[in-house]
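sequence first, then the predicted structure:
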Amino acid sequence: KYAREGLKHLKSLRSLSLKFNRCEEVTGEGLKQVKQGVKNLKLLRSLEMSLHDCECIKDDGLKYFRGSLRPHVLLRNLLINFNQCKEINDNSIQYLRGSMQHLYSLKKLDLNFHNCNNFTNEGLRVMKNEVINLRSIEELYLQFPRCKLINDKGLFHINEAIKNTNDLKTLGINFEFCEKVTNEAMCLLENSIRGLKKIQNLGLYFNKCSGITDNGVHSLKEAISDHRMLKTLNLCFTNRHRMRFLNYSKSNPVHLSDKGMLDLRESLRYLAALKSLMISIDPCQELTDQGIQRSEERRVGKGVDLG
């Protein structure tokens, strides 16, 4: 109520960040009040809504959130954070249908459903239909770590969502700890990434995805080497978090060997614009001196860290 009353007077507001993280008593009724205030901010360019670890947010919460998006045709940046809102599920996502189809000016979209355990491939299918409409999008972050019901079929929907985003310059995809994701998902991503002609920053995070092996890395090789203007590259297959640049790593139970390092070398051949490169192999149970030598032969960029 207080948020609604305060916001309704801010007619010239361009940027709004609403963070209710770990507010255990916030429910859909609270978001209904927020919606009433936000929908009147017709000049809004940037909107962040964070409900990290708000366990009482259920289906009705997304219904009201959808209503707060509809009037904002000028919106350029949108961040939605439902990290650890464990009541969010596929039925909840249905409320987002049609919520973004009018966001013609949107340049940046960040969707975070970290640890929403009831989120499945069907939820990604609904999300796909929203992202497809964003023809002007330049930065896209799709984060679904620890959504353990998602498998390769879910990555098919991600592939369909991004393959027509012709102006995309930055892409981040995070499916860490999604143990049902395999090499097949890497094959799907290869096709869509190759079509991103303007991509400059690419991050693919699949830490602890035990179904990804050397063959998965091989699938990405050609897609990566096609993008000669790539400046930042994050490929994470390890149990570490928040790696800054390029991470090819073999971490139990992910398996990367000398074969994977050979593909790494070939991927880097044309990346003359890459600014920084990090290779992390941890632990090194299947990597030998020969694999290290191969990676050394193709070091690129202004900063290189082999650790």
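Received, thanks.

buried ones in stretch 174-187, by neighbour count?
For stretch 174-187, burial by neighbour count (16 or more other CB atoms under 10 Å) applies to 174-178, 180-187. All C-beta spots, glycine's among them, are computed from the backbone N, C-alpha and C.

mind listing residues that contact that stretch?
114, 141-152, 154-155, 203, 205-213, 215-217, 219-220, 236, 241 (CB atoms under 8 Å, 6 or more residues apart in numbering).

returning to that earlier point: which ones among the buried residues of stretch 174-187 map onto strands?
With strands taken from DSSP state E, the overlap with the buried residues of stretch 174-187 comprises N174.

the helix or strand hosting L78 packs against which elements?
Secondary structure assignment for L78, by DSSP states H and E: strand 77-81. Applying 3 or more CB pairs under 8 Å, 6 or more residues apart in numbering; DSSP states H and E, one finds that strand 77-81 contacts strand 46-50, strand 108-112.

show me where the chain has strands.
With DSSP E as the criterion, the chain has strands spanning 15-19, 46-50, 77-81, 108-112, 139-143, 170-174, 201-205, 232-236, 276-279, 303-306.

the fourth one versus strand 139-143: what angle between them?
Looking back up the chat, that one is strand 108-112. Relative orientation of strand 108-112 versus strand 139-143 (axes from the mean of the first three to the mean of the last three CA atoms, to 10 degrees): 0 degrees.

lowest-confidence helix or strand of this protein?
Every helix and strand in the chain was compared by mean pLDDT, DSSP states H and E; the lowest is strand 303-306, with a mean of 40.

below-threshold pLDDT in this structure: ranges please.
Residue ranges of the chain with pLDDT under 70: 1-8, 22-30, 35, 53-71, 238-258, 260-261, 263-265, 270, 276-307.

still on that earlier bit, okay, and which of the contacts of stretch 174-187 map to helices?
Among these, the ones falling in helices (DSSP state H) are D152, G154, L155, N215, G216, V217, S219, L220.

out of those, the closest to R269 would be?
L220 (14.0 Å; CB to CB).

need the contact list for that closest one.
M186, L189, E190, I193, L204, L235, D263, S267.

for the third one, which non-adjacent residue is closest in space?
The one in question is E190. Ranked by CB to CB, 6 or more residues apart in numbering and with sequence neighbours excluded, the top spatial neighbour of E190 is A223, at 4.4 Å.
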